[in-house]
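Chemist: I would like to see how this sequence folds:
(one chain, ligands or ions: 1)
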Amino acid sequence: MSARYFPVPDRHKGKVYVITGGAQGIGRACAERFAAEGALVMIADIDPSGAEVAQAIGGAFQPTDMSSPEQVRALAAATVTRFGRIDIWHNNAFSAVFKPIHEQTLEEFDRITGVGIRGYWMGAKVAVEQMRAQGGKGVIVNTASVQSFVGEKGFSAYQATKGAVLALTRSLALDHAPDIRAVAIAPGLIATDAIKGIPEDVMAEVIAGIPAGRAADPREVAALAAFIASDEADYMSGTAVILDGAYLAIG
Ligand SMILES: NC(=O)c1ccc[n+]([C@@H]2O[C@H](COP(=O)([O-])OP(=O)(O)OC[C@H]3O[C@@H](n4cnc5c(N)ncnc54)[C@H](O)[C@@H]3O)[C@@H](O)[C@H]2O)c1
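Modeler: All right, here's what the predicted structure looks like:
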């Protein structure tokens, strides 16, 4: 059975939600979901098409390269200027290459970790600073991956970032409990542009290894993010929620 989607009206009414990598894929689905639940949404992306997504949902767009600390700081400032505060910060943008480590360059490693480790850390830093300044409450959501838990060939630098995301999430949760929660989402295979380049035969093999028998729709990740960021999930922090069609259950 495929998923169906039930945005909860007003669940995030008036909450300010920042989503990085929000121009497409999981980030875009999250932007649309939070807007449908009443949030004021700030989309950050290197892709200028994020502006159209923002316009369609009544949100805002800030061109941002998450590997640039100055631009991440500018993103937080632009959000506060536009919406007055930050309630939910969602680190989601990523960079990756698919090849073994002896073919990867140091420049590629720096780019990948610049977005996936330093960018997440910097995003969390500016979010926590703002949340503390406005009274202390807030939620940080970090998109991780099943590759935070298991290895897959050809992704050494990317996998290093996804392992780091879990450690960062735990640390944030401990440092700022009970006011600021931090939760990671670990998706399995999600049907976005990120997996478009995978040849058909390889994809068939990948799908065969997923008990659910399919890739998930990015809206399924968005539904989880909206719950995680809500008050109903107030006891959830310092952990990762896996959404993988039982991929990891195989062991
Ligand atoms: N698609 C999957 O199967 C899958 C599986 C596990 C985890 N994830 C994770 O989900 C998240 C979103 O992936 P997706 O599948 O939606 O990918 P996607 O390629 O569809 O979207 C990624 C977005 O990030 C933006 N981006 C790239 N570099 C950026 C930068 N430096 N600064 C700001 N924005 C930047 C891109 O322009 C794009 O809009 C990533 O963290 C990824 O690791 C995806």
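
Chemist: give me the residue from this protein nearest the ligand.
Modeler: Gly25 (2.2 Å; C-beta to the nearest ligand atom). Every C-beta, even on glycine, is put in place using the N, C-alpha and C of the backbone.

Chemist: Could you report the neighbour count for the nearest residue to that residue once chain neighbours are set aside?
Modeler: Spatial nearest neighbour of Gly25, excluding adjacent residues (C-beta to C-beta, 6 or more residues apart in numbering): Thr192 at 3.4 Å. Counted by other C-beta atoms under 10 Å, the residues lying close to Thr192 total 19.

Chemist: so Thr192 touches Gly27, yeah?
Modeler: No. Counting by C-beta atoms under 8 Å, Thr192 does not reach Gly27; the two are 9.0 Å apart.

Chemist: quick one on the thing from earlier: show the contacting residues for the residue nearest to Gly25.
Modeler: Contact analysis of Thr192 by C-beta atoms under 8 Å, 6 or more residues apart in numbering lists Gln24, Gly25, Ile26, Pro218.

Chemist: State the distance from it to Ala127.
Modeler: When distance is defined by C-beta to C-beta, to the nearest Å, Thr192 is 24 Å away from Ala127.

Chemist: before we move on, the earlier item: ok, so of the contacts of Thr192, who is nearest Ala240?
Modeler: Of all the contacts of Thr192, Ala240 sits closest to Ile26, with 15.0 Å by C-beta to C-beta.

Chemist: Enumerate the residues of the stretch 151-251 of the chain near the ligand.
Modeler: Contact residues, the stretch 151-251 of the chain versus the ligand (C-beta under 6 Å from any ligand atom): Pro187, Leu189, Ile190, Thr192, Asp193, Ala194, Ile195.
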